[in-house]
Structures are given as C-alpha cells and as structure tokens.
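In: Generate coordinates for the sequence data below:
(one chain, ligands or ions: 2)
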Amino acid sequence: SGGFLDQLRFKGGIHLEKTTVKAVNNVSLFVNKGETLSVVGESGCGKSTLARVILGLYRPNAGKIFYGGQRIDTLSHEQWLPFRRKMQMIFQDPYASLNPRKTVRQTLEEPLRFHNPKMTSEEARDKVAYVMEQVGVDPAWIARHPHEFSGGQRQRISIARGLILDPDFIVADEPVSALDVSIQAQILNLLMDLREKHDLTYLFITHDLSVVHHISSRVAVLYLGTVCELASANDLFNEPRHPYTRALLSAIPKVGEKKAKHIKLKGEVPTPVNLPSGCVFHNRCVFARDRCKKEFPRLNELPNGSFVSCHGVEEGWDMG
Ligand code: SF4
Ligand code: MG
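Out: Numbers count the residues shown, from 1 in each chain. Ligands and ions are numbered 1, 2, ... in the order given. Modelled structure (predicted):
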C-alpha cells in the first residue's frame, strides 16, 4: 500500500463543494498545502460539521471532497484508511478526548501499531518518545495517565496523538478554547512550530476570531452554514467587508479598532433548521434592505481576491 499512498500526496488541497449537509450550505473551500485555513463562526454555524465531513466521519449527501486530486467522499471504509491516517483531528477538550484509563504510551502506541503492524516495540517506543519531545512533554512521563497532567499538557498529548501517524493534514476543532488564556498562546505557537517542522496543513476551527489573526493564511467566516467572507488573514483583519465579519471584529477592541467601524448585531441567531429567506444574516444585519430578505447573495470575488457574500458589498451601498 506504500505506492498507493505515494501517489496520493496532498497536492491540490481539499475541496468541499456544494455540501448540503444540514448545517453546511453552499460551502466551497480548498486548503492549500502548508497553509492554515481558519473557519470562524458562532456555535451552530456548521463549522464542526464541516470538519467531520472532511474527515469522513459524516458522509455528505451532496458535494465532493478531494484529497490532492482524488475524490474521497465516495470511498469504502477500507479504501478510506490510508487517507484517515494522513488526516488527523485535534479536539477542544483534551480531557474528554483522552481515555483516562490509558497511559500516554498506550494512547500514542495504539494507533501507531494499528497502522504499522510490523513495527517492533523498540521502534514504537522510539517514535512515541520522539513525538512527545516534539510537543514538549517529557518522554519520562510515558507511563502517566491524563489526570496526572495539566490542561495544557493534556492538549500537548492530544496533539502528539494527532502527529503520531505522520499526517499531512490536521483539523483542529477549537483546540485552545478549553484552556487558560495564558496557555492558549503556547499551544498556538506549538501548532505553528509543528506546521513548519512537519510540513503540515491545518484547518483551524474556532468561534474566536482573535485567536486566528497570527496563525492563519486565510480565514473563512461562516454564519449558519454559509460562507460570508473568505479572505487572507491580513485583508480580513484590516479590511473586513461583510457586515457579520465587521461585527465580529468590532467585538475584539485591539484588533478591530483601526479601520472597522463599530457594528452591532441585532437579534438572535436563528436555528439552522429554520433558515431565514434570502441572506441568512438579514434579521441581524443593520444594513439589510428588501433585496436581502428575498435573494441569497452570491459569494463574489473582489479585486483583492477576497470572497464576500453580500448584496451591499456587491452593489456598493453606503455601509459606513
Ligand atoms: Fe446585510 Fe444584506 Fe449584506 Fe446580508 S446581503 S449581509 S442582510 S447587507
Ligand atoms: Mg463545534
């Protein structure tokens, strides 16, 4: 199976087209090798669903997923396995995602030996020690259980578990949200170091726009399963265009104060099962006009290469 995998290296990225899984509408995204694409949105916007579709945990009922040129959403379980090891996930809560009864060694060795049945115990132990060093956990602690570690260390161990199979692509779903603010930056820095050292590509999922500023190549802002804006991190933070992006940025004083005028959100997030007509954001948008209630705004490319889904941006309305 080595030759098979060699031909399926991550080249073009992952595309998710027209996925209509309930929580994710009209999403078309690609992730370039070596980049961090951050997907930002409030809870219930469909970002975790998107991650699970990409990883094959949910099957999309429409749309296609390509991993370097190869369509993967139609593969059988057996055909899926080689991709599965190349795509790993890091979860929000390391305590819930690590088995409390297993030692670090068991946690890290089990997937390793499952995917590499011929590996000797020495090789496995060396690999585990190496990966522990990579994430900054002392290999001398290999026989410890999760409860013997701090929250930050536990997240380092979950990251080690994500790395143990030498993945190309990592989906990190709110990887720092459960951690103290003082620890968050350490874990983000670790993830970025690992991306450099191991040539990784990330899909970084978060509700918190402030954590993605320095780690992202590009940012996609999702609202009720719809991409509002997709832009380079620089453009998104310096020149946000969609009213929802601008409202999110207004809520982060340090980042948003320079150019974005303060924008407030009206009302509540509707439920995804009862989507508003037209622009799904219209009941919360201070700039909404009649057209917004009737017509779904297309995701248009702007001259700077950003994509924005908003009638007001498209038609040049005065939006302050
Ligand atoms: Fe607001 Fe209309 Fe733009 Fe939607 S399309 S974000 S309602 S201005
Ligand atoms: Mg989630």
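
In: How about stretch 86-97, which residues are buried there?
Out: Burial within stretch 86-97, assessed by neighbour count using 16 or more other C-beta atoms under 10 Å, is assigned to Lys86, Met87, Gln88, Met89, Ile90, Phe91, Gln92, Asp93, Pro94, Ser97. From N, CA and C alone the C-beta is placed, and that goes for glycine too.

In: Report the residue spans of this protein with pLDDT below the cut-off.
Out: Across the chain, the ranges flagged by pLDDT under 70 are 1-28, 44-45, 59-63, 253-261, 271-273.

In: can I see the domain layout of it?
Out: Under the assignment automatic domain parsing, the domains of the chain span 2-216, 240-315.

In: out of these, which comes closest to ligand 1?
Out: Closest of these to ligand 1 is domain 240-315, at 3.1 Å (criterion: C-beta to the nearest ligand atom).

In: near ligand 1, anything from the closest one?
Out: Yes. Shown here: domain 240-315 in contact with ligand 1 (C-beta under 6 Å from any ligand atom) through Pro243, Cys279, Phe281, His282, Cys285, Phe287, Ala288, Cys292, Pro297, Cys310, His311, Gly312.

In: Identify the residue nearest the first one in space, chain neighbours excluded?
Out: Right, the one you point to is Pro243. Nearest residue to Pro243 in three dimensions, chain neighbours excluded: Cys285, at 5.0 Å (C-beta to C-beta, 6 or more residues apart in numbering).

In: And for the one you found, the neighbour number?
Out: By the other C-beta atoms under 10 Å criterion, the neighbourhood of Cys285 contains 22 residues.

In: That one contacts Thr245, doesn't it?
Out: No. Under the criterion of C-beta atoms under 8 Å, Cys285 is not in contact with Thr245, lying 11.6 Å apart.

In: mind saving the C-alpha coords of the longest helix along the chain as PDB?
Out: Ranked by residue count and defined by DSSP state H, the top helix of the chain is helix 181-198. The C-alpha atoms that make up helix 181-198 are tabulated as PDB, following Å, rounded to 0.1, in the frame of the first residue of the first chain:
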ATOM      1  CA  VAL A 181      -5.700  32.300  28.200                       C
ATOM      2  CA  SER A 182      -2.100  32.100  29.400                       C
ATOM      3  CA  ILE A 183      -1.700  28.600  28.000                       C
ATOM      4  CA  GLN A 184      -3.500  29.400  24.700                       C
ATOM      5  CA  ALA A 185      -0.600  31.200  23.100                       C
ATOM      6  CA  GLN A 186       1.800  28.400  24.000                       C
ATOM      7  CA  ILE A 187      -0.400  25.800  22.300                       C
ATOM      8  CA  LEU A 188      -0.900  28.000  19.300                       C
ATOM      9  CA  ASN A 189       2.800  28.600  19.000                       C
ATOM     10  CA  LEU A 190       3.400  24.900  19.300                       C
ATOM     11  CA  LEU A 191       0.900  24.200  16.500                       C
ATOM     12  CA  MET A 192       2.600  26.700  14.300                       C
ATOM     13  CA  ASP A 193       6.100  25.300  15.000                       C
ATOM     14  CA  LEU A 194       4.900  21.800  14.200                       C
ATOM     15  CA  ARG A 195       3.400  23.100  10.900                       C
ATOM     16  CA  GLU A 196       6.800  24.300   9.900                       C
ATOM     17  CA  LYS A 197       8.800  21.300  11.100                       C
ATOM     18  CA  HIS A 198       6.500  18.600   9.800                       C
END
